[in-house]
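**Student:** Sequence first, then the predicted structure:
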Amino acid sequence: MATLSPPATDAFPGGDPHGASGAHAGHKRPGFLRRYVFSTDHKVIGMQFLLTTLLMLFVGGAFALAIRWQLAYPWEPLPILGNALFPTTGGRITPEFYTMLFTMHGTVMVFLVIIPILAGAFGNFLIPLQIGAEDMAFPKLNMASYWIYWPAVFCFGYSYYAAGNFAAGPSSGWTAYPLLSALPDANPGTGPAQSWWLYGLTLVGVSSMMGSVNYLTTIINMRAPGMTLFRMPMSIWGMFITAILQAFALPVLTAASLMLIADRELGTCFFIPTGQLLPGEDAATIGGGQPLLWQHLFWFYSHPAVYIMLLPAMGMVSDMLACHCRKPLFGYKPMIYSMTAIAGLGFVVWGHHMFTSGMNPALGMTFMVSTVLIALPSGIKVFNWIGTIWGGKVRFNTVLLNCAAFVSMFITGGLSGIFMAAVPVDVYFHDTYFIVAHFHYILFGATLFGVFAAIHHWFPKMTGRSMSEGLGQLHFGITFLAFHGVFFPMHMLGMAGMPRRYADPYVHPPFENLLALNEFMTWCAIVMGAAQLLLVANFFGSWAFGKKAGRNPWLANGLEWSAPSPPPHGNFDLPPVCYRGPYEYSSPVVMPDRDYLPQDEPPEMHAVRGA
Amino acid sequence: MAAVAVLAASPGLGWWFPQSYVDEAGAGSLESVNPLGREIDHLFYVILVICGVVFVLTQIGLAWALFGAAGRSRARYLHGNHVLEVVWTLIPAAALFFIAFYQMGAWAKFRVESYYPEGVTPVAEVTARMYEWRIRYPAPGKPLMDTPQPDDLYAVNELLIPAGQPVLIQLRSEDVQHSFSLPQFRIKQDALPGQRIPVWFQADVPGEYVLLCQELCGWGHYKMGGVVKAAPPEEHAAAMAAFAAERRSDGVTVENDEVTAALPDTDSTEPGERN
């Protein structure tokens, strides 16, 4: 069981565990607004991102529950909110609103939760602390990246009111394929709502871009003395590679979304083919555009984005597994190389979203080979994680449970990905629930469980207090079981051919028998949604009343654990010096005494202690 | 401990997995009516076996690593093992290359024109538009032309094909993107505005098969269904002739009663009106 022992403050000569003395005592204490709202402190910005994205997680979750309701009880009045939202239909979800539901669910979860919770929240919080820096390289840019996130939220939210009535949100899916998204009159929800959606998309892109530039500069320039690249914790490697991906792939999406805006607002024809008769117009277009172009541009970003949504979690899980198994990470360099390979290959696999799109079949073959190969570095990572756990002195606490679930679900989601990488099999599975199962196992099963683990792991550093173990394990247990209840059956729905994005699949005879399974899944989803309240209760309850944690409650090695909890503005009492890699757990050098060896402990110290 | 019990469910994934296999056999015990579909099923089972084995082994490995050393007093000090890394790189690499190259044949057959089966006949042009499938047949005995002909026959949501031989449709879209999907044939092809895409398939067994749209096309996406009716070639020819006669009838000729009497009453079973 986890042991929470008092921090070994004696390992930090000159450190004062309870004060902000040291390097930054000279700072003027800024006012409330500068400290908590328009702060340039990376930790405050990280917490702002964390709280905002957790709020958005609930928004996206509410959309998901409404989707699940419709799938389990098609055309029955939506409980609780139904009458308020749909007074004209007796509380029933309309088919057009259903398309808006899954559009917004995907948008919120991808652009407002997963990407910013990893890069914005944990990237911000961890990067300076783990590399031993005072703050980010560009603190004001950092602040801007948070404050430009809110206009994006506003744009996505306002899209529901843009057309003047509530039930007209954007409705062309989070992928916004033209021509549906390019023709304002195509459908309820592709009018002003779609434009606002695109503005929001552009703004989140700008926000991420600011973040990634900042992370790259910080990691390259601001590492503590001795913190060589190959002494960086895996979290930092994950963030670093993610930032590279973002810096190079994101401009493509931004360009694409500007092109789509131009098509809609300025009458250009980037995506609208020649001879297209637009609704309400007499003459056919003469544009020579091509709807496939959007798919190429969109996925050129959005496939790497899948790794943006995963690599930081992979890195953090590597750190947490090593710490809670008290064991060096198995194969540190292979882990880095495989992460790099995933990122590199991630740039050349976007076409696997388009196997049935009508692009040149030869492209299908090349994309298949590159996609299948991406399973290779992913497999190496899994084996190395198992190798890390193997032979460890495992602490079965909330953090480790969530990490183990991460590995387990990453295996499941990764293997189901191979089915879709194989083009002929994908021809059948494309746009069925098999896909939905696959990416929920990766994005929810892997990434979000990794995030749950990371919240519990770094919470003591964020707030100075520990989260409740009991509540944490309860939250994990319910979420884990309910998760499988929701998403595992989706594989079977997919095998049965049930299509995605159908408001009512049961009008088609082959899917009539799937209703019962969908009802079961919906109830699991409701349980899972309710279980997240435990996380919130634990989070805020522990923040207010949790046990004081001290500097290093997990007896971990990273530099962040040598800073006070929570670290003051400027982070460290003394600028840390790094002497070794981050995974010296159970090292024979210090072993009988203790099983960890912090990165900033000078070698002489344990020579003295060991003697 | 509750936590340990919960985590035991992680290899528990291993118990659920066979269920999906049973489910696939149960729900889809109908094997595909399309020879290419059966090939795709075979490829699916090959991957399922490979991935299933890897899945069970890795989940067991994970559980064993987690619980095998429960109560261990100190962790192994171990940074990795190069031989192991090489082994678990090369073996999956071989398996993955096998999987990738094993798929090529079926894919080429489906999409590359020079690998299409012998004697594939274009039977109709299928145009997707918001929430219905418009079908244009050539007049009986004539080939399908790229552009509409005066004697073409039009239908909605009901595609008649001869069974037992490969047929080809030319797929178009009139407005936004759609996807021509025949689950029982295991095929799917997006309909792209501005392009004409050939799709071939074959029904070995006569019958009625569901036709779906599987690319989001608007609020009515879910109900954009149709039906593919496969009949033995002679019956198909007769049905097409009858259909042609029925479409050309101006409703006043009574000389050919015996033909009209033999007609199926297509109007009353218009399948375009699903809700």
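**Tutor:** The structure has been received and is ready for your questions.
**Student:** Point out where the stretch 1-150 of chain B drops to low pLDDT.
**Tutor:** Within the stretch 1-150 of chain B, the ranges that satisfy pLDDT under 70 run B:1-30, B:69-71.
**Student:** can you give me the helices in it?
**Tutor:** B:2-7, B:9-27, B:35-67, B:82-102, B:104-111 (DSSP state H, counting those that start in this stretch).
**Student:** Quick check: which of those helices is buried the most?
**Tutor:** helix B:104-111 (a mean of 21; mean count of other Cβ atoms under 10 Å in any protein chain shown). For the C-beta atoms, the positions are set from N, CA and C on the backbone; glycine is no exception.
**Student:** Give me the contact list for that one.
**Tutor:** By Cβ atoms under 8 Å, 6 or more residues apart in numbering or on different chains, the residues outside helix B:104-111 that reach it are A:361, A:364-365, A:368, A:423-424, A:427, B:36, B:39-40, B:43, B:115-117, B:187, B:200.
**Student:** Identify the residues contacting the residue of chain A found nearest chain B.
**Tutor:** Here chain A gets closest to chain B at one residue, A:Pro273, 2.6 Å apart by Cβ to the nearest Cβ. For A:Pro273, the contacting residues are A:285, A:287-291, B:193-195, by Cβ under 8 Å, 6+ apart.
**Student:** export the residues you listed to TSV and tack on distance to A:Ser318?
**Tutor:** Output for these, formatted as TSV (distance: Cβ to Cβ, whole Å):
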residue	distance to A:Ser318
A:Thr285	51
A:Gly287	49
A:Gly288	49
A:Gly289	44
A:Gln290	42
A:Pro291	41
B:Pro193	46
B:Gly194	47
B:Gln195	46
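**Student:** sorry, back to before: and of the helices of the stretch 1-150 of chain B, who's closest to A:Val348?
**Tutor:** Between A:Val348 and the helices of the stretch 1-150 of chain B, the tightest spacing by Cβ to Cβ is seen for helix B:82-102, at 14.0 Å.
**Student:** Is there any residue in that closest one that contacts chain A?
**Tutor:** Yes. Interface with chain A: helix B:82-102 contributes B:84-85, B:88-89, B:92-93, B:96-97, B:99-101 (Cβ under 8 Å from any Cβ of the partner chain).
**Student:** Tell me the one of those nearest A:Pro568?
**Tutor:** B:Glu85 (41.7 Å).
**Student:** in the stretch 451-600 of chain A, which segments are predicted with low confidence?
**Tutor:** Using pLDDT under 70, the stretch 451-600 of chain A has no residue that qualifies.
**Student:** Please list the residues of it that sit near chain B.
**Tutor:** A:473-474, A:476-477, A:480-481, A:484, A:488, A:491-492, A:495-497, A:499-505, A:507-510, A:513, A:583, A:585-588, A:591, A:595.
**Student:** Could you measure from the residue nearest to A:Ser235 when sequence neighbours are not counted over to A:Lys327?
**Tutor:** Ranked by Cβ to Cβ, 6 or more residues apart in numbering or on different chains and with sequence neighbours excluded, the top spatial neighbour of A:Ser235 is A:Gly315, at 4.2 Å. A:Gly315 sits 17 Å away from A:Lys327, going by Cβ to Cβ, to the nearest Å.
**Student:** Work out the gap between whichever strand or helix holds A:Leu535 and the centre of the chain.
**Tutor:** If you go by DSSP states H and E, A:Leu535 is part of helix A:515-545. On the basis of Cα atoms, centre = their mean, to the nearest Å, helix A:515-545 sits 18 Å off its chain's mean C-alpha point.
**Student:** May I see the buried residues of that helix?
**Tutor:** Within helix A:515-545, the residues scored as buried using 16 or more other Cβ atoms under 10 Å in any protein chain shown are A:517-518, A:521-522, A:524-529, A:531-532, A:534-535, A:538-539, A:542.
**Student:** Need the phi and psi values for A:Asn221.
**Tutor:** Taking degrees, to the nearest 10, you get phi -100, psi -20 for the backbone angles of A:Asn221.
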